[in-house]
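Participant: Next input, structure requested:
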Amino acid sequence: MKLAVIIGVAGFLALILIIVIIGAIWYLSARNGLIALDEGINAAWSEIDNQLQRRSDLIPNFVNTVKGYAAHEEKVFSDIAEARSRLAGAKTVEEKAEGYNGMQSALARLLVVVEQYPDLKANQNFIALQDELAGTENRLAVARKRYNDSVSVFNTRIRAFPGSLLAGGLGFAPRPYFEINETARQVPQVQF
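Facilitator: Just a heads-up that it's a prediction; the model follows:
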């Protein structure tokens, strides 16, 4: 009888130990998965910063090339300088998105100015800078998409079961998307 009780207790303790080990493995796996997703978002955000810096470095050369042809368009140039400094000083995703939108708007106004100068549009330096800027804008679009995709996966994981059980206790909160403002969503008016 004592042997049966000892075997029963040992079996029960072994079962508890197996459950604890499985729980620990699940916890560590879930925790490491959330950390990997969080780091993926950080890497994607870093790529956005990298491309914003690239664009920021190109813009003074672009502006100086245009200034040679359109020196009297000072308002456009000061708007670009202001937008560039706001973007450089932005810290949060929301501030970066706002700075990005301001820069997009200022660059759009600059391109309207460029249309008024046919000689400028034929200038090789201008063409090369415009191509570099267009390439950077494409890289930014890809980087924004990767960032938002990473945020989507992360936010889904921390809101869905079982990630929701761990996320709050581990200090994970939903991350913001990199979004454009409403004016950028409007269809531009093209007039000939």
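Participant: All the helices of the protein, residue numbers only.
Facilitator: Assigned helices in the chain, in chain order: 2-67, 74-89, 93-115, 118-122, 124-159, 163-170, 182-185 (criterion: DSSP state H).
Participant: Now that we have those helices, can you turn them into TSV and tack on mean neighbour count and mean pLDDT?
Facilitator: Just so you know, the C-beta spots here come from the backbone N, C-alpha and C atoms, and that holds for glycine as well. What follows is the helices of the chain, written out as TSV (neighbours: other CB atoms under 10 Å; pLDDT from 0 to 100):
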stretch	mean neighbour count	mean pLDDT
helix 2-67	14	91
helix 74-89	16	86
helix 93-115	17	86
helix 118-122	12	78
helix 124-159	16	92
helix 163-170	14	91
helix 182-185	10	58
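Participant: how about these, which one is nearest Pro176?
Facilitator: Within these, the stretch nearest Pro176 is helix 93-115; the backing value is 4.6 Å (CB to CB).
Participant: Can you list the neighbours in contact with the closest one?
Facilitator: 45, 48-49, 52, 55, 59, 62-63, 66, 70, 73, 76-77, 79-80, 82-84, 86-90, 120-121, 126, 133, 140, 175-181, 183-184 (CB atoms under 8 Å, 6 or more residues apart in numbering).
Participant: chain center to that helix: distance?
Facilitator: Going by CA atoms, centre = their mean, to the nearest Å, the spacing between the C-alpha centre of helix 93-115 and its chain's C-alpha centre is 17 Å.
Participant: can you check stretch 88-102 too?
Facilitator: Taking CA atoms, centre = their mean, one finds the center of stretch 88-102 at 11 Å from the center of the full chain.
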